[in-house]
Structures are given as structure tokens and as C-alpha cells.
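Asker: what shape does this take:
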Amino acid sequence: MNRRHCLAAIGAAVASLVLPTPALAAWPDRPITLIVPWGAGGGTDAVARIIGVELEKELKQPINVVNRTGGSGVVGHQAIASAAADGYTIGILTVEIGMMRHAGLTQLSGADYTPLGLMNFDPNAVLVRADAAYKTAEDLLNAAKAAPGKLKASGTGQGGIWHLGLAQWLVDNKAASNAIAWVPSQGAAPGLQDLLAGGVDVVSCSLPEARALIEGGKVKPLVLMGAKPDGIFPKVPLYKDASGKMWNAGITVGNPRNEGVRMGSLVSRAQLDAVREGLESLKAQAEVLHDGSAKSLVDADPAIAACIGPVLLGARDADAADRVHDVEVFGPVATLLPYRDLDHAMALAHRGQGSLVTSLYGADDVALGLVSVQLAASHGRVHVITPDVAQAQTGHGNVMPMSLHGGPGRAGGGAELGGLRALDFYHRRSAVQASPNVIAKLGIA
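Answerer: From the prediction side, this is the model:
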């Protein structure tokens with residue numbers, strides 16, 4: 001995972017310089033307070049102090065950095081949101097602002113702030129004491145699996161981004177998410193202090209936060225969950241090196257010729273306009289959970305390129321949100337809908353009036369087999385992903401020209417790239433792509 005010092009980010013540790021409202025015309029004519037929601041000495045604190053120095057040069061006024069810790073980041077984020085809207089209190093937001101609400105810690109969200117700019121982006125690293133017996137990430141994983149809960153880790157508050165990064169790393173490597181118990185702290189700095197004192201065995205944080213201790217020979221990083229080697233510590237194994245695959249929560253959008261870009265352009269500007277129009281329609285009945293549409297493009301001119309970042313919406317009343325079922329947006333847009341049970345979920349899926357492909361994720365072969373048959377009535381292909389095939393699955397959007405199945409309903413009724421069969425508008429053929437275990441549970445001859 002990544003700590004991204006910016007408001008417009010997801011699935012990453014994020015911080016952004018924010019203002020409650022636009023500054024007054026005479027601004028600034030007195031010192032400015034810069035609130036940091038995490039402890040002194042950590043990565044967010046370091047970023048804030050660097051920015052503070054640069055702002056002092058530019059604005060000719062003192063920038064007072066204040067650490068407001070507590071409540072897994074809630075105290076500081078609330079202080080920024082509650083400050084007088086006069087431009088004299090700004091703050092560094094982290095990605096936790098997009099997570100705390102869902103953990104029941106606060107009602108704050110990104111909508112309570114005005115973002116000023118992306119400050120920093122750091123991937124997650126896993127570190128241990130220099131004298132620890134673990135030489136590699138695999139050694140640590142084996143120890144965690146052998147005695148779940150015995151090892152302890154820290155680096156941020158409960159449910160913070162570094163906690164989630166470690167938990168997902170464990171899950172990805174077939175260990176329980178709590179195989180290494182989490183000890184909440186007010187940030188990476190106190191977590192690292194606890195590591196040196198022997199209070200915890202592992203710290204999950206960024207490499208810059210641990211730089212002094214790494215260079216001093218006190219701690220050692222075992223793995224970096226980034227897309228490329230670190231500029232200061234290039235020998236730290238990347239996650240793909242340590243575990244055989246890449247895992248990085250960041251999505252970069254822009255020119256596909258750029259090696260760092262993971263999502264390219266739509267077909268045309270006309271499609272981009274249609275996606276934006278569809279989004280506005282959906283927003284009338286759905287809440288924006290993550291807005292990647294405002295994210296800066298990489299190596300692409302937004303006035304020319306037909307690029308848009310992923311947008312995630314959510315509707316609390318799935319039955320009443322008619323537009324979610326009736327408005328189809330051909331772009332990176334998804335809407336989360338709650339359902340009461342499997343029957344309700346199937347009814348909601350059928351309200352979409354059909355599609356070429358639908359994807360199911362789960363581990364219950366019997367339930368997945370039952371649902372697959374029910375969904376086949378309105379989907380040309382049912383793509384089922386279970387843990388035993390997750391690493392080998394082809395992906396939701398990969399067409400299968402060898403499959404003579406249709407897209408019943410709105411999807412068109414033709415086989416995927418199936419030649420003359422695309423003209424057969426009345427057939428009801430569907431393909432189920434799943435593991436042998438799920439196929440065996442379909443209950444059909």
C-alpha cells in the first residue's frame with residue numbers, strides 16, 4: 001500500500017494540503033497554522049514541515065506546524081475541518097479520511113475539505129529490528145503462520161493505512177489478516193520507537209519514515225510494496241520479488257506509452273463526454289465514494305486526452321436507485337449496492353437488463369454454482385473467481401471468442417466475437433467461466 005500525501009487518492013496512505021474555504025483578498029497578513037493529524041517525527045509530519053518552510057518563503061509569513069494526534073487520526077482531521085474558514089488554518093490530510101467514516105470513527109469525509117495539491121506518495125514497507133532472526137519477507141511470513149498472533153506490529157492507528165497494508169500483505173500470502181497482531185500508535189515514529197524498545201516485532205510504514213534508523217543500522221526493511229525500487233534504498237526487495245507478484249494500490253491514469261501508467265484513454269472525447277454525463281445522472285441517486293475523475297493525468301494533456309480515473313459510487317437504497325440500474329456508463333465507473341440476501345442480490349442483478357459479462361467473487365462453491373445459473377439468464381458470460389483460481393483468472397473484460405454464448409437482454413444477444421451468431425438476437429446462451437469445483441456444483445447436465 002502507499003501513503004499518498006494528497007486528498008484525491010484511494011487505497012493508499014494519502015495526505016493533502018487543504019483549506020476550509022478560499023482565502024481572503026488580503027491573505028495572509030498574519031501567521032498560518034498547519035495541522036498534522038499524526039505524531040511528530042513521522043512521514044506526514046516531515047512532509048508538513050518541508051511544505052511549511054517553502055510556504056514561509058512564498059507567503060512571507062510564519063507557518064506554525066501543530067501535531068494534533070489521537071483517535072486514529074480523527075482528532076487532527078476534525079481540527080482541520082472545524083477551523084475558522086478564514087484561510088489561516090490549513091492541514092495535511094491522509095488517506096484515513098476516506099476510511100475513518102466507514103470504521104464508525106467519524107462522519108468526516110473528503111467533501112469537508114478543499115484540496116490544494118498532492119504533496120507526497122510513499123509505498124508501504126515492512127521492517128524489523130536489525131538483529132531480528134528474519135532475513136527475508138518469507139522468513140517473517142513463515143514465523144507469523146507458525147504462531148498466529150504471537151508477533152506484534154505497529155506504525156499507525158487501528159485500521160490506518162499501514163495497518164491495512166500489512167494485513168493485506170498477510171492475506172495475499174495465505175495468512176490470516178491478524179496473524180501479526182496490530183498495536184495502535186500515533187504514527188510511524190512512536191511505532192519505530194516501540195520496535196527498538198522490543199515492544200513490537202514489526203513496523204509497517206514508509207521507508208522515508210524509517211530512513212535514519214535504517215542508515216543507522218537499527219532496523220532493516222524486508223519488503224517494499226511499490227512499483228519500482230526506492231531511490232534511496234534500491235536494494236530493498238519489491239513485493240513482486242519477495243512473493244512472486246506485484247501488489248500496489250495506486251492507479252495511474254494517462255499516456256499508456258509511459259511505463260508508470262496503468263490505465264489509458266477511452267476511445268474518444270465523445271465517449272469521455274458521455275461518461276461524464278452518465279456520472280452526473282448517477283450522482284443524483286448515489287454518493288461518490290472515490291472520485292478519480294479529478295486526478296491528475298500522467299504525461300497527458302487533459303484538454304486533449306480522453307482519460308478519466310476510476311470513480312466508485314454507492315447507493316444506500318438499492319431498490320429505489322433506479323438510475324443505477326437503467327443508466328449504463330461505458331467507462332471506469334462502478335456502484336456499490338447493499339443487498340439483504342442472495343435472492344435480493346439476484347433481483348438487483350437482473351434489473352440491470354443484462355450484460356456481456358458479470359463477475360462473482362467468493363469461496364462457497366455451492367452458493368456460487370447456484371448463483372451462476374441464476375445470473376446466466378441475463379448475462380452472456382458468468383465469470384467466477386474463487387481462491388483456487390484467483391491467480392490464474394483472465395479478468396472480467398477479456399473476451400472469449402471461442403465461447404459461443406450470447407449477451408441476453410441489453411447486451412445485444414450475440415456471441416462474443418462469434419461471427420454470424422451475433423445476428424441471432426433471440427437465443428439465450430451463456431457461458432460459465434469458473435473452477436472445476438464450481439462447475440461441478442452448477443446442478444445442470
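Asker: strands of the stretch 51-200 of the chain, start to end?
Answerer: With strands called from DSSP state E, counting those that start in this stretch, the stretch 51-200 of the chain shows them at 63-67, 89-93, 114-118, 120-123, 125-129, 152-154, 181-182.
Asker: the first one pairs with which strands, and in what direction?
Answerer: Each strand pairing with strand 63-67, determined using DSSP bridges, is listed with its direction: strand 32-36 (parallel).
Asker: do the fifth one as well
Answerer: Partner strands for strand 125-129, per DSSP bridges, with pairing direction: strand 202-205 (antiparallel), strand 219-224 (antiparallel).
Asker: quick check: which of those strands is buried the most?
Answerer: Of the strands paired with strand 125-129, the one with the most neighbours on average (mean count of other C-beta atoms under 10 Å) is strand 202-205, at a mean of 28. Yep, even glycine has a C-beta here, placed from its N, CA and C like the rest.
Asker: going on from that one, what's the next piece of helix or strand?
Answerer: Using DSSP states H and E, the helix or strand that directly follows strand 202-205 along the chain is helix 211-215.
Asker: report all helices and strands that that following helix contacts.
Answerer: strand 219-224 (3 or more C-beta pairs under 8 Å, 6 or more residues apart in numbering; DSSP states H and E).
Asker: for the strand it packs on, list the C-alpha coordinates in PDB.
Answerer: Below are the C-alpha coordinates for strand 219-224, written out as PDB (Å, rounded to 0.1, in the frame of the first residue of the first chain):
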ATOM      1  CA  VAL A 219      16.200  -1.600  11.600                       C
ATOM      2  CA  LYS A 220      16.100  -3.400   8.300                       C
ATOM      3  CA  PRO A 221      13.400  -3.400   5.600                       C
ATOM      4  CA  LEU A 222      12.300  -6.800   4.300                       C
ATOM      5  CA  VAL A 223       9.900  -5.800   1.500                       C
ATOM      6  CA  LEU A 224       8.600  -2.700  -0.300                       C
END
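Asker: where do the helices of this protein begin and end?
Answerer: 43-59, 74-82, 137-146, 161-172, 188-197, 211-215, 239-243, 269-283, 322-326, 342-351, 365-375, 436-440 (DSSP state H).
Asker: rewinding a little: mind checking which of the strands paired with strand 125-129 is nearest Gly352?
Answerer: strand 202-205 (39.1 Å; C-beta to C-beta).
Asker: quick one: distance of the closest one to the chain centre.
Answerer: In this view, strand 202-205 has its centroid 19 Å away from the chain centroid, taken as C-alpha atoms, centre = their mean, to the nearest Å.
Asker: for Ser206, see how far away the closest residue to Leu196 other than its chain neighbours is.
Answerer: Spatial nearest neighbour of Leu196, chain neighbours left out: Lys218 (6.1 Å); criterion: C-beta to C-beta, 6 or more residues apart in numbering. According to C-beta to C-beta, to the nearest Å, Lys218 stands 16 Å off from Ser206.
Asker: same question, Arg30
Answerer: Distance of Arg30 to Ser206, computed by C-beta to C-beta: 34 Å.
Asker: thinking again about what came up before, more crowded one of Lys218 and Ser206?
Answerer: Remark: of Lys218 and Ser206, Ser206 carries more neighbours, 32 against 16, as counted by other C-beta atoms under 10 Å.
Asker: identify the residue nearest the more buried one in space, chain neighbours excluded?
Answerer: Asp122 (3.7 Å).
Asker: before we move on, what about Lys283?
Answerer: That would be Leu313: by C-beta to C-beta, 6+ apart, it lies 7.2 Å from Lys283.
Asker: count of neighbours near the one you found?
Answerer: There are 22 residues near Leu313, going by other C-beta under 10 Å.
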